[in-house]
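J.: Sequence first, then the predicted structure, then my questions.
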Amino acid sequence: MAMTCSISKLLFVAICLFVHMSVSFGDFSIVGYSQDDLTSTERLIQLFNSWMLNHNKFYENVDEKLYRFEIFKDNLNYIDETNKKNNSYWLGLNEFADLSNDEFNEKYVGSLIDATIEQSYDEEFINEDIVNLPENVDWRKKGAVTPVRHQGSCGSCWAFSAVATVEGINKIRTGKLVELSEQELVDCERRSHGCKGGYPPYALEYVAKNGIHLRSKYPYKAKQGTCRAKQVGGPIVKTSGVGRVQPNNEGNLLNAIAKQPVSVVVESKGRPFQLYKGGIFEGPCGTKVDHAVTAVGYGKSGGKGYILIKNSWGTAWGEKGYIRIKRAPGNSPGVCGLYKSSYYPIKNRDNGRIQIRPSSQHLTSHE
């Protein structure tokens, strides 16, 4: 890999060997480093080795490790410079700190297909009056959110976003929180493209028509395979339809989130988003959305309003897998395009029970 290194390979190996004996799973600060770590090459290499242990990182050879160290060091400098600006958020040495921004985007971003859906949906949520809304909503506290998961290098964010909303509305309607199968959507939702991208409303339409199996019965593989929905058998969760939130308006989205988790999209390709560690994120970012996530709440902190977002990049990213994105009052695409495209599953109360179908029976829609 071509990169000009600031230290020689021999010196790098020597320092690595010297610090290896003292490296352990130390308690990182909230951002993963201290100012003392920036004072010498030896301290930087020790920090890098500690970070590798904490994130279970391994490299093929010394050349690869040195290459990753140089990227790590560049990201660390960027993190430190950004954090000194006293933003409402901070960056840190998360799982992606050894990836250049281009590498990060290639692996984890850009998995929304370019689609404009013309058909009407069962509901279109329009309500700009937010006077009577709860001041804070957090569906995690109501037991309607499953643990944060990791999509891996498969571009399946659209499936994770849709599944999280179905898990949420199923809990609200039935009182039972069950983990559902993203892999079924990756394999079986034909209008999407598996690990090459998809669109959350297509996934929600699939669930309304066919139902979706439990994750334990159809586990996630982070790669597209042959659809096995007819062979898996066991319980399925059904929904009744798909609702759309009128775009580009804070009030519409808050009203929808107050009732259930909602699938939303953001532009996530920027370096600040890649290295986000905590706080209320306010950019810089554009509105060319490329990543689907799930809005599971909203609130205020320090006088700033935010939307609480569940991501699918694991718990080592952000606030244990979550990000708070600053609210943008009125009519606008929102910070990072958050208000541009939002959908939610509809689940009638008479459609609330988990259904069990024989494995050979086609999963048909339930009206």
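T.: Thanks, I have it.
J.: where's the most centrally placed residue in the chain relative to Ser161, distance?
T.: The centre of the chain sits closest to Asn311, judged by Cα atoms, centre = their mean, with a distance of 2.0 Å. Going from Asn311 to Ser161 by Cβ to Cβ, to the nearest Å gives 9 Å. No exception for glycine: its C-beta is placed from N, CA and C like everyone else's.
J.: same question, Phe96
T.: Phe96 sits 19 Å away from Ser161, going by Cβ to Cβ.
J.: More neighbours: which of those two?
T.: Ser161 (32 against 23; other Cβ atoms under 10 Å).
J.: Which residue is the nearest non-sequential neighbour of Ser216?
T.: In space, Ser216 comes closest to Glu179 once its chain neighbours are excluded; the distance is 7.1 Å by Cβ to Cβ, 6 or more residues apart in numbering.
J.: Can you name the residues that contact that neighbour?
T.: Listed by Cβ atoms under 8 Å, 6 or more residues apart in numbering, the contact set of Glu179 reads Thr146, Glu167, Leu214, Arg215, Ser216.
J.: Most neighbours out of those residues, which is it?
T.: Comparing the contacts of Glu179 by number of neighbours (other Cβ under 10 Å), Glu167 comes first, having 25 neighbours.
J.: where do the helices sit along this protein?
T.: Assigned by DSSP state H, the chain shows helices spanning 9-20, 41-54, 62-83, 101-108, 157-174, 182-188, 200-210, 229-232, 250-259, 271-274.
J.: As TSV, those helices with mean pLDDT would be great.
T.: Shown next, in TSV, are the helices of the chain (pLDDT from 0 to 100):
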stretch	mean pLDDT
helix 9-20	47
helix 41-54	90
helix 62-83	94
helix 101-108	93
helix 157-174	97
helix 182-188	98
helix 200-210	96
helix 229-232	92
helix 250-259	94
helix 271-274	96
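J.: so which of these gets nearest Thr239?
T.: helix 200-210 (4.7 Å; Cβ to Cβ).
J.: Return the list of helices and strands in contact with that closest one.
T.: Applying 3 or more Cβ pairs under 8 Å, 6 or more residues apart in numbering; DSSP states H and E, we find helix 200-210 packed against helix 157-174, helix 182-188, strand 241-245, strand 262-266, strand 342-346.
J.: Give me whichever of those is most buried.
T.: strand 262-266 (a mean of 29; mean count of other Cβ atoms under 10 Å).
J.: related to what we said a few turns ago, can you report phi and psi for the residue nearest to Ser216?
T.: phi -90, psi 130 (degrees, to the nearest 10).
J.: any idea how far His213 is from it?
T.: In terms of Cβ to Cβ, Glu179 sits 10 Å off from His213.
J.: for Lys107, what are its contacts?
T.: The contact partners of Lys107, taken as Cβ under 8 Å, 6+ apart, are Leu99, Ser153.
J.: what's the average pLDDT for the longest strand that the chain contains?
T.: As assigned by DSSP state E, the longest strand anywhere in the chain is strand 291-301. Strand 291-301 carries an average pLDDT of 97.
J.: quick one: strands adjacent to it?
T.: Strand pairing for strand 291-301, using DSSP bridges, gives strand 137-138 (antiparallel), strand 262-266 (antiparallel), strand 304-310 (antiparallel).
J.: what's the burial count for the closest residue to Phe58 other than its chain neighbours?
T.: Take Phe58 and drop its neighbours on the chain: the residue closest to it by Cβ to Cβ, 6+ apart is Met52, 7.6 Å away. Here the number of neighbours of Met52 (other Cβ under 10 Å) works out to 18.
J.: what about Met52, distance to Asp74?
T.: Taken as Cβ to Cβ, the span from Met52 to Asp74 is 16 Å.
J.: Could you check how many residues crowd around Asn132?
T.: Using other Cβ under 10 Å, the number of residues around Asn132 comes to 7.
J.: Can you give me the distance of it to Asn255?
T.: Applying Cβ to Cβ to Asn132 and Asn255 gives a distance of 10 Å.
J.: Over to Lys320?
T.: Note on Lys320: its distance to Asn255, by Cβ to Cβ, is 27 Å.
J.: just to revisit the earlier point, compare the helices and strands packed on helix 200-210 and give me the one nearest Lys288.
T.: Nearest of the helices and strands packed on helix 200-210 (Cβ to Cβ): strand 262-266, 10.1 Å.
J.: Give me the distance from the closest one to the chain's centre.
T.: Offset of strand 262-266 from its chain centre (Cα atoms, centre = their mean, to the nearest Å): 10 Å.
J.: any idea of the mean pLDDT for it?
T.: The average pLDDT within strand 262-266 is 97.
J.: the inter-axis angle of it versus strand 241-245?
T.: On the basis of axes from the mean of the first three to the mean of the last three Cα atoms, to 10 degrees, strand 262-266 is oriented at 50 degrees to strand 241-245.
J.: got a list of contacts for strand 262-266?
T.: Contacts of strand 262-266 with the rest of the structure, by Cβ under 8 Å, 6+ apart, involve 112, 161-162, 164-165, 200-201, 204, 245, 253, 256, 273, 285, 289-295, 307, 309, 325, 336-344.
J.: returning to that earlier point: now the contacts of Glu179 as CSV including distance to Gln224?
T.: Below are those laid out as CSV (distance: Cβ to Cβ, whole Å):
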residue, distance to Gln224
Thr146, 22
Glu167, 22
Leu214, 20
Arg215, 17
Ser216, 20
